[in-house]
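Dropping the sequence and predicted coords here.
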Amino acid sequence: MLRLAHTVLALTAALAGTASAATFVVADHDAAGLVRAIEQAEATPEPDRIELAPHGMYLMRDAAGGEGRYALPLVRTAITIAGNGAEIRRYSDAEFALVGIARGGKLALENLALAEAAQGAIVNRGVLHVDRVRVTDSTADGANAIVVNYGTLRGVDSEISHNAVLAAARDAGIVLNYGRIDLARTRLAGNTVTGRRASVVTASALLNLGDAQLSDVTIEGNSARAEPDDMRDAYAVVNVGNGALRSAGVRLVDNLPEHANALPPADADAQTR
(Lines give C-alpha, C1' and ligand atoms only; values in the text may rest on other atoms or scores of the structure.)
Protein backbone atom coordinates (compact mmCIF):
# COMPACT_ATOMS: atom_id res chain seq x y z
CA MET A 1 0.00 0.00 0.00
CA LEU A 2 1.22 3.45 -0.93
CA ARG A 3 0.18 6.23 1.41
CA LEU A 4 0.70 9.98 0.94
CA ALA A 5 1.74 10.74 4.50
CA HIS A 6 1.74 14.50 4.42
CA THR A 7 2.40 17.54 2.31
CA VAL A 8 4.56 20.35 3.60
CA LEU A 9 5.44 23.76 2.29
CA ALA A 10 9.16 24.45 2.09
CA LEU A 11 10.81 27.78 1.37
CA THR A 12 14.53 27.63 0.62
CA ALA A 13 17.06 30.25 -0.27
CA ALA A 14 17.72 28.46 -3.52
CA LEU A 15 14.14 28.86 -4.69
CA ALA A 16 12.44 32.10 -5.53
CA GLY A 17 8.94 30.84 -4.75
CA THR A 18 7.07 28.42 -2.53
CA ALA A 19 7.37 24.71 -3.36
CA SER A 20 5.12 21.87 -2.24
CA ALA A 21 7.00 18.71 -1.28
CA ALA A 22 5.22 15.41 -0.67
CA THR A 23 6.21 12.46 1.50
CA PHE A 24 5.09 8.97 0.47
CA VAL A 25 5.13 5.95 2.78
CA VAL A 26 5.45 2.55 1.10
CA ALA A 27 4.43 -0.61 2.95
CA ASP A 28 6.76 -3.57 3.35
CA HIS A 29 6.90 -5.92 0.31
CA ASP A 30 4.98 -3.42 -1.84
CA ALA A 31 7.32 -3.19 -4.81
CA ALA A 32 4.51 -1.92 -7.04
CA GLY A 33 3.78 0.79 -4.48
CA LEU A 34 7.42 1.86 -4.57
CA VAL A 35 7.25 2.19 -8.36
CA ARG A 36 4.01 4.22 -8.08
CA ALA A 37 5.54 6.49 -5.45
CA ILE A 38 8.43 7.36 -7.76
CA GLU A 39 6.04 7.89 -10.68
CA GLN A 40 3.93 10.28 -8.58
CA ALA A 41 7.02 12.11 -7.34
CA GLU A 42 8.19 12.43 -10.94
CA ALA A 43 4.87 14.03 -11.91
CA THR A 44 5.75 17.24 -10.04
CA PRO A 45 8.95 19.31 -10.13
CA GLU A 46 9.21 19.77 -6.35
CA PRO A 47 11.58 17.61 -4.29
CA ASP A 48 9.71 14.67 -2.75
CA ARG A 49 10.52 12.05 -0.11
CA ILE A 50 9.74 8.34 -0.12
CA GLU A 51 9.82 6.40 3.17
CA LEU A 52 10.30 2.64 3.06
CA ALA A 53 9.24 0.25 5.81
CA PRO A 54 11.84 -0.30 8.56
CA HIS A 55 13.98 -3.27 7.46
CA GLY A 56 11.48 -3.94 4.67
CA MET A 57 12.03 -6.02 1.54
CA TYR A 58 11.07 -4.88 -1.97
CA LEU A 59 11.39 -7.63 -4.59
CA MET A 60 11.57 -6.23 -8.11
CA ARG A 61 10.27 -8.74 -10.66
CA ASP A 62 10.05 -6.44 -13.69
CA ALA A 63 11.83 -3.43 -15.13
CA ALA A 64 9.77 -0.26 -14.77
CA GLY A 65 11.92 2.49 -16.24
CA GLY A 66 14.52 3.52 -18.77
CA GLU A 67 13.26 1.35 -21.63
CA GLY A 68 13.35 -1.77 -19.55
CA ARG A 69 16.84 -1.12 -18.15
CA TYR A 70 15.95 -0.37 -14.51
CA ALA A 71 13.73 -1.84 -11.82
CA LEU A 72 12.68 1.65 -10.68
CA PRO A 73 11.42 4.49 -12.87
CA LEU A 74 14.15 6.74 -14.20
CA VAL A 75 14.67 9.70 -11.83
CA ARG A 76 14.39 13.04 -13.62
CA THR A 77 13.36 15.38 -10.76
CA ALA A 78 14.52 15.53 -7.11
CA ILE A 79 13.71 12.56 -4.86
CA THR A 80 14.94 11.23 -1.53
CA ILE A 81 14.40 7.56 -0.71
CA ALA A 82 14.75 6.93 3.02
CA GLY A 83 15.33 3.20 3.31
CA ASN A 84 15.12 2.80 7.10
CA GLY A 85 17.28 -0.32 6.72
CA ALA A 86 15.18 -1.77 3.87
CA GLU A 87 16.42 -3.67 0.82
CA ILE A 88 15.50 -3.35 -2.86
CA ARG A 89 16.33 -6.63 -4.59
CA ARG A 90 15.94 -7.85 -8.16
CA TYR A 91 13.93 -11.09 -8.04
CA SER A 92 13.62 -12.11 -11.66
CA ASP A 93 15.16 -14.13 -14.47
CA ALA A 94 15.15 -10.95 -16.55
CA GLU A 95 18.34 -8.90 -16.44
CA PHE A 96 18.05 -5.26 -15.40
CA ALA A 97 19.76 -2.72 -13.17
CA LEU A 98 17.98 -1.21 -10.18
CA VAL A 99 18.45 2.57 -10.29
CA GLY A 100 18.89 5.13 -13.07
CA ILE A 101 19.22 8.91 -12.71
CA ALA A 102 18.77 11.01 -15.84
CA ARG A 103 20.65 14.19 -16.67
CA GLY A 104 19.12 16.89 -14.46
CA GLY A 105 17.75 14.34 -11.97
CA LYS A 106 18.71 14.36 -8.29
CA LEU A 107 18.42 11.30 -6.09
CA ALA A 108 19.39 10.78 -2.45
CA LEU A 109 19.45 7.24 -1.08
CA GLU A 110 19.62 6.79 2.70
CA ASN A 111 20.09 3.67 4.85
CA LEU A 112 19.25 1.23 2.07
CA ALA A 113 20.55 -1.95 0.41
CA LEU A 114 20.49 -2.59 -3.34
CA ALA A 115 21.01 -6.24 -4.23
CA GLU A 116 21.20 -8.77 -7.06
CA ALA A 117 20.96 -6.35 -9.96
CA ALA A 118 22.03 -7.57 -13.40
CA GLN A 119 23.90 -5.64 -16.09
CA GLY A 120 25.06 -3.34 -13.32
CA ALA A 121 23.13 -1.82 -10.41
CA ILE A 122 23.24 2.00 -10.80
CA VAL A 123 23.69 4.38 -13.72
CA ASN A 124 23.92 8.05 -12.76
CA ARG A 125 23.82 10.92 -15.26
CA GLY A 126 22.60 13.52 -12.76
CA VAL A 127 23.34 13.98 -9.06
CA LEU A 128 23.36 11.01 -6.71
CA HIS A 129 23.93 11.05 -2.94
CA VAL A 130 24.30 7.75 -1.10
CA ASP A 131 24.39 7.67 2.71
CA ARG A 132 24.68 4.30 4.49
CA VAL A 133 23.89 2.46 1.26
CA ARG A 134 25.07 -1.07 0.45
CA VAL A 135 25.35 -2.26 -3.17
CA THR A 136 25.85 -6.01 -3.12
CA ASP A 137 25.52 -9.34 -4.93
CA SER A 138 25.07 -7.69 -8.34
CA THR A 139 26.52 -8.78 -11.68
CA ALA A 140 27.45 -7.36 -15.05
CA ASP A 141 28.04 -10.20 -17.46
CA GLY A 142 29.62 -8.79 -20.60
CA ALA A 143 29.00 -5.22 -19.37
CA ASN A 144 31.74 -3.11 -17.80
CA ALA A 145 30.61 -1.85 -14.35
CA ILE A 146 28.27 -2.25 -11.38
CA VAL A 147 28.04 1.49 -10.68
CA VAL A 148 28.49 3.90 -13.61
CA ASN A 149 28.75 7.63 -12.92
CA TYR A 150 28.57 10.28 -15.64
CA GLY A 151 27.40 13.06 -13.33
CA THR A 152 28.11 13.76 -9.65
CA LEU A 153 28.13 10.97 -7.10
CA ARG A 154 28.77 11.50 -3.40
CA GLY A 155 28.87 8.52 -1.06
CA VAL A 156 29.42 8.34 2.70
CA ASP A 157 29.42 5.46 5.20
CA SER A 158 28.52 3.07 2.38
CA GLU A 159 29.65 -0.28 0.98
CA ILE A 160 30.03 -1.80 -2.48
CA SER A 161 30.72 -5.48 -1.94
CA HIS A 162 30.54 -8.99 -3.40
CA ASN A 163 29.69 -7.85 -6.93
CA ALA A 164 31.06 -9.28 -10.17
CA VAL A 165 31.83 -7.89 -13.62
CA LEU A 166 32.47 -10.90 -15.83
CA ALA A 167 34.04 -11.31 -19.27
CA ALA A 168 34.16 -7.57 -19.98
CA ALA A 169 34.89 -6.82 -23.63
CA ARG A 170 36.38 -3.40 -22.82
CA ASP A 171 38.06 -1.65 -19.86
CA ALA A 172 35.97 -2.40 -16.78
CA GLY A 173 35.62 -1.65 -13.08
CA ILE A 174 33.20 -2.25 -10.23
CA VAL A 175 32.77 1.54 -10.11
CA LEU A 176 33.31 3.35 -13.42
CA ASN A 177 33.59 7.12 -13.15
CA TYR A 178 33.41 9.57 -16.04
CA GLY A 179 32.21 12.51 -13.94
CA ARG A 180 32.82 13.61 -10.35
CA ILE A 181 32.86 11.07 -7.51
CA ASP A 182 33.51 11.64 -3.79
CA LEU A 183 33.60 8.63 -1.47
CA ALA A 184 34.14 8.98 2.27
CA ARG A 185 34.24 6.30 4.98
CA THR A 186 33.24 3.76 2.35
CA ARG A 187 34.26 0.12 1.82
CA LEU A 188 34.77 -1.71 -1.49
CA ALA A 189 35.28 -5.38 -0.70
CA GLY A 190 35.02 -8.87 -2.14
CA ASN A 191 34.37 -7.70 -5.71
CA THR A 192 35.54 -9.51 -8.85
CA VAL A 193 36.29 -8.18 -12.34
CA THR A 194 37.41 -10.31 -15.28
CA GLY A 195 38.18 -9.23 -18.83
CA ARG A 196 37.59 -11.13 -22.01
CA ARG A 197 41.11 -10.61 -23.35
CA ALA A 198 44.54 -9.67 -22.08
CA SER A 199 44.37 -6.12 -23.49
CA VAL A 200 41.40 -5.19 -21.26
CA VAL A 201 42.19 -3.04 -18.21
CA THR A 202 40.33 -4.32 -15.15
CA ALA A 203 39.78 -2.47 -11.86
CA SER A 204 38.28 -4.43 -8.99
CA ALA A 205 37.29 -1.23 -7.16
CA LEU A 206 37.43 2.00 -9.22
CA LEU A 207 38.13 2.73 -12.88
CA ASN A 208 38.46 6.50 -13.07
CA LEU A 209 38.30 8.63 -16.19
CA GLY A 210 36.96 11.70 -14.37
CA ASP A 211 37.54 13.48 -11.07
CA ALA A 212 37.69 11.25 -7.97
CA GLN A 213 38.19 11.95 -4.27
CA LEU A 214 38.64 9.06 -1.82
CA SER A 215 38.69 9.80 1.91
CA ASP A 216 39.01 7.08 4.57
CA VAL A 217 38.09 4.41 2.03
CA THR A 218 38.90 0.72 2.56
CA ILE A 219 39.56 -1.43 -0.52
CA GLU A 220 40.04 -5.07 0.45
CA GLY A 221 39.70 -8.61 -0.80
CA ASN A 222 38.91 -7.65 -4.39
CA SER A 223 40.13 -9.56 -7.44
CA ALA A 224 40.86 -8.39 -10.99
CA ARG A 225 41.98 -10.51 -13.90
CA ALA A 226 42.29 -10.11 -17.66
CA GLU A 227 41.54 -13.31 -19.55
CA PRO A 228 42.84 -15.83 -20.13
CA ASP A 229 45.41 -15.49 -17.34
CA ASP A 230 47.14 -12.16 -17.90
CA MET A 231 47.02 -9.96 -14.78
CA ARG A 232 49.44 -7.22 -15.87
CA ASP A 233 46.62 -4.72 -16.48
CA ALA A 234 44.60 -5.80 -13.43
CA TYR A 235 44.40 -3.40 -10.47
CA ALA A 236 42.14 -2.29 -7.65
CA VAL A 237 42.13 1.39 -8.67
CA VAL A 238 42.96 2.58 -12.18
CA ASN A 239 43.29 6.07 -13.68
CA VAL A 240 43.03 6.30 -17.45
CA GLY A 241 42.82 9.19 -19.87
CA ASN A 242 42.53 12.46 -17.98
CA GLY A 243 41.47 10.82 -14.74
CA ALA A 244 42.38 12.82 -11.61
CA LEU A 245 42.50 11.07 -8.24
CA ARG A 246 42.94 12.62 -4.80
CA SER A 247 43.04 10.46 -1.70
CA ALA A 248 43.48 10.59 2.07
CA GLY A 249 43.42 7.69 4.48
CA VAL A 250 42.87 5.02 1.80
CA ARG A 251 43.60 1.45 2.90
CA LEU A 252 44.29 -1.29 0.31
CA VAL A 253 44.74 -4.84 1.58
CA ASP A 254 44.43 -8.44 0.34
CA ASN A 255 43.53 -7.45 -3.22
CA LEU A 256 44.59 -9.64 -6.14
CA PRO A 257 46.92 -9.46 -7.94
CA GLU A 258 49.51 -8.36 -5.39
CA HIS A 259 50.44 -5.21 -7.31
CA ALA A 260 46.80 -4.07 -6.93
CA ASN A 261 47.44 -3.08 -3.32
CA ALA A 262 48.60 0.42 -4.21
CA LEU A 263 47.00 3.54 -5.58
CA PRO A 264 47.90 4.55 -9.15
CA PRO A 265 50.60 7.12 -9.89
CA ALA A 266 49.71 10.78 -10.27
CA ASP A 267 50.19 10.45 -14.03
CA ALA A 268 47.07 8.58 -15.12
CA ASP A 269 48.67 7.26 -18.30
CA ALA A 270 51.68 5.83 -16.46
CA GLN A 271 49.64 3.02 -14.96
CA THR A 272 48.61 1.51 -18.26
CA ARG A 273 51.71 2.12 -20.38
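It's in. Numbering: from 1, shown residues only.

Which strands and helices lie in contact with the host helix or strand of residue 246?
Secondary-structure assignment from DSSP states H and E places residue 246 in strand 244-248. In this structure, strand 244-248 packs against strand 211-215, with contacts taken as 3 or more Cβ pairs under 8 Å, 6 or more residues apart in numbering; DSSP states H and E. Heads up, the C-betas are built off the backbone N, CA and C, glycines and all.

Just name whatever secondary elements whatever helix or strand comes next after the strand it packs on is in contact with.
Scanning the chain past strand 211-215 towards its C-terminal end, the next helix or strand to appear is strand 218-220 (assignment: DSSP H and E). In terms of contacts (3+ Cβ pairs under 8 Å, 6+ apart), strand 218-220 is packed against strand 187-189, strand 251-253.

mind putting those in CSV, mean pLDDT included?
Conversion of the helices and strands packed on strand 218-220 to CSV gives the following (pLDDT from 0 to 100):
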stretch, mean pLDDT
strand 187-189, 98
strand 251-253, 98
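
Tell me which of these sits most buried.
strand 187-189 (a mean of 23; mean count of other Cβ atoms under 10 Å).

which ones are touching residue 88?
By Cβ atoms under 8 Å, 6 or more residues apart in numbering, the contact list for residue 88 reads 34, 58, 60, 71, 72, 98, 112, 113, 114, 115.

scratch that, residue 131 is what I was asking about
Applying Cβ under 8 Å, 6+ apart, one finds that residue 131 lies in contact with 108, 109, 110, 111, 155, 156, 157, 158.

Please narrow the residues you listed to those residing in strands.
In strands, judged by DSSP state E, the following of the contacts of residue 131 are found: 108, 109, 110, 111, 155, 156.

which two in those are spaced the farthest apart?
With distances taken as Cβ to Cβ, the most widely separated pair in the ones in strands among the contacts of residue 131 is 111 and 155, at 13.0 Å.

Need the overlap of contacts for those two.
With contacts taken as Cβ under 8 Å, 6+ apart, the residues that reach both residue 111 and residue 155 are 131, 133.

Those two: which has the busier surroundings?
Comparing residue 111 with residue 155 by other Cβ atoms under 10 Å, the one with more neighbours is residue 155, at 25 against 18.

ok, that one touching residue 133?
Yes. Proximity of residue 155 to residue 133 meets the contact threshold set by Cβ atoms under 8 Å, at 7.0 Å.

helix/strand/coil for residue 33?
Look at residue 33: counting by DSSP: H, G, I helix; E, B strand; the rest coil, its state is helix.

ok, back up a step: who wins for neighbours among the contacts of residue 88?
For the contacts of residue 88, counting by other Cβ under 10 Å, the largest number of neighbours falls to residue 71: 31 neighbours.

Tell me who's in contact with the nearest residue to it once chain neighbours are set aside.
With Cβ to Cβ, 6 or more residues apart in numbering as the measure, residue 60 is the residue that lies nearest to residue 71, at 3.7 Å, once sequence neighbours are left out. Applying Cβ under 8 Å, 6+ apart, one finds that residue 60 lies in contact with 31, 71, 72, 88, 89, 90, 91, 92, 98.
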